[in-house]
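Asks: 3D model of this:
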Amino acid sequence: DDDPCTVDDCVNDTCAFEPMACPDGGECVDGACVQVGCRDDGECNDGDACTVDTCVNGQCASRALVCNVGENCVNGNCVPTDELDVSISGCPDSLQADGVVVLRAIVVNALGDVTFEWTATSGTFDDASNANPTFTAASSDAVVTVTATETGSSSVAQDDCTIDVTIPVLFVANSQGDNITSYVLVPTPSEEDVAPDTNLTGGLTGLDQSADIAVTPGGLLMVINVTGNSLNFYGNATAADGDTAPERVVQGDSTGFDAPATVAYDPANDLVFVANVLGNSDILVFAGASDAGLNGNVAPTRTIMSAALSAPFGINLDAAGNLYVANNGDTNILVFADAAGADGDVAPSRTITADTFVNLFDVFVDGDDNLYVVDTGDDEILIFRNASTLDGELIPDAVIAIPSAVGLASIVVDENDTGYITDSGRNALYVFDHVSTLNGTVDPDRTIQGVSTQLNNPIGLFLFFAQD
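Replies: Numbers count the residues shown, from 1 in each chain. Reported below is the predicted structural model:
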């Protein structure tokens, strides 16, 4: 049949033409068997060592070699994309001395096990070989370094971070002594009758029944004087010592001061809030607290004249700018949201009451949103959780009763959960560790008291964090 790919034969006097039989995967071309397609994986090779070649239904197929995360294929082998790398997670910009933080070493491109070595120019680790150690700050800035080493190889990586360590300095306003004392709290005073690091006192100071204080982040000390009807400013709070005259004094009829007893400072807006105990119990707001122009007989920028205010003995701002008021006259806690913009006859956004309230003297909100209320009537500290949502009549989550107290006045709590409380009746300062966890009748962990302390009817407190 002239077809070279058939086998021609005569069967029973009849011509038969059968196709030429070829091996699997082959076919006849011009009378010869040739291979078409593949028979097994070995016949498939696209020349790329980083692909996997297979024979599927007589057809070759190729797919990329899959490597682990952080690896690429090179000449048929999976190798790290880059060298071993490590970074520190959880490193804070600043930390209070004696403060603790958990650090984490984040490793990438590791092919095997990794060991760690942590070091610091100051401070300590609970386990310097752990990937996630707990670091405790000392009293000076720290450069923290982690070294990661891959087991069985020469791969080593490092990372570091700098932690600015702040030193807590506690300022106390002594109402009868007409003096401001300060105590550096690192190391924590181990003696009860410890002398202050500074004692601002004397005729030039202008202090006159100083009841409360505040300090700007830049170190400007502000003191409110009840009898003097004045707000005094002293530069460099940690150096304000002895018979030092104020740099500025806000005083006079225009100020609206009428027995001002408590002060709070808003660092975000450079505002100072002053609450009057007498008169209409207004809260006066002065802008530009750090500005030298706030001096003399100046009127407040705004005045909060809420009818709900009645003898506000203590005021404090939380981190969100909400103003909390220990409203002694009506025995409740008032909250003014967005206090920086409050002006005129403003109703409180929230009012907190409790059957246990007797004689409210101060209020404070810590960094964990715990509300502390100083009730001098029963000499107790009342603790309420979730301060930012509290409203209406409540029951305290915890009550701290101090057996020896006779006149609790003020409280501050630092980021290490250490509470500092003044007792005006005993001329004492109580220190409680882990104060937010306490409940019931509890003796202080430490007491600062005695002639050397220069405490004399201590009322207001402010915790300032000085840079190392």
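
Asks: for the residue positioned nearest the centre of the chain, which residues are in contact?
Replies: Central residue of the chain (C-alpha atoms, centre = their mean): residue 367, 7.2 Å from the mean position. Contacts for residue 367 (C-beta atoms under 8 Å, 6 or more residues apart in numbering) come out as 319, 415. The C-beta positions use only the backbone N, C-alpha and C, and glycine is treated the same way.

Asks: is it in a helix, a strand, or coil?
Replies: coil (DSSP: H, G, I helix; E, B strand; the rest coil).

Asks: then residue 238?
Replies: Secondary structure, three-state DSSP: residue 238 is helix.

Asks: hmm, back to that, ramachandran coordinates for the residue nearest to the centre of the chain?
Replies: phi -70, psi -10 (degrees, to the nearest 10).

Asks: so how far is residue 284 from it?
Replies: Distance, residue 367 to residue 284, by C-beta to C-beta, to the nearest Å: 27 Å.

Asks: circling back: do you know how far the residue nearest to the centre of the chain is from residue 357?
Replies: Distance from residue 367 to residue 357, by C-beta to C-beta: 24 Å.

Asks: and residue 456, by the same measure?
Replies: 28 Å.

Asks: could you do residue 298 as well?
Replies: The value you get for residue 298 to residue 357, if C-beta to C-beta is used, is 36 Å.

Asks: those two - which one has more neighbours?
Replies: Regarding residue 298 and residue 357, a neighbour count based on other C-beta atoms under 10 Å identifies residue 357 as having more, with 23 against 16.

Asks: who are the contact partners of the more buried one?
Replies: With contact taken as C-beta under 8 Å, 6+ apart, residue 357 is in contact with 331, 332, 373, 375, 377, 382.

Asks: give me the secondary structure label for it.
Replies: Under three-state DSSP, residue 357 comes out as coil.

Asks: pull up the per-residue confidence for it.
Replies: Per-residue pLDDT puts residue 357 at 97.

Asks: ok, now which ones touch the closest residue in space to residue 207 that isn't next to it in sequence?
Replies: Closest residue to residue 207 apart from its sequence neighbours, by C-beta to C-beta, 6 or more residues apart in numbering: residue 178 at 4.3 Å. For residue 178, the contacting residues are 201, 205, 207, 208, 209, 210, by C-beta under 8 Å, 6+ apart.

Asks: do I have it right that the fourth one meets residue 228?
Replies: Yes: when contacts are counted by C-beta atoms under 8 Å, residue 208 is listed as touching residue 228 (3.1 Å).

Asks: pretty sure residue 348 contacts residue 336?
Replies: Yes: between residue 348 and residue 336 there is a contact under C-beta under 8 Å: 5.6 Å.

Asks: and those two? Which one has more around it.
Replies: Set side by side, residue 348 and residue 336 show more neighbours around residue 336, with 26 against 23, by other C-beta under 10 Å.

Asks: so what's that one bridging to?
Replies: residue 323 (DSSP bridges).

Asks: so it is in contact with residue 351, correct?
Replies: No: using C-beta under 8 Å, residue 336 is not in contact with residue 351, being 10.6 Å away.

Asks: any idea how far residue 44 is from residue 27?
Replies: 19 Å.

Asks: what about the two, which has more around it?
Replies: Between residue 27 and residue 44, counted using other C-beta under 10 Å, the more crowded position is residue 44 (18 against 15).
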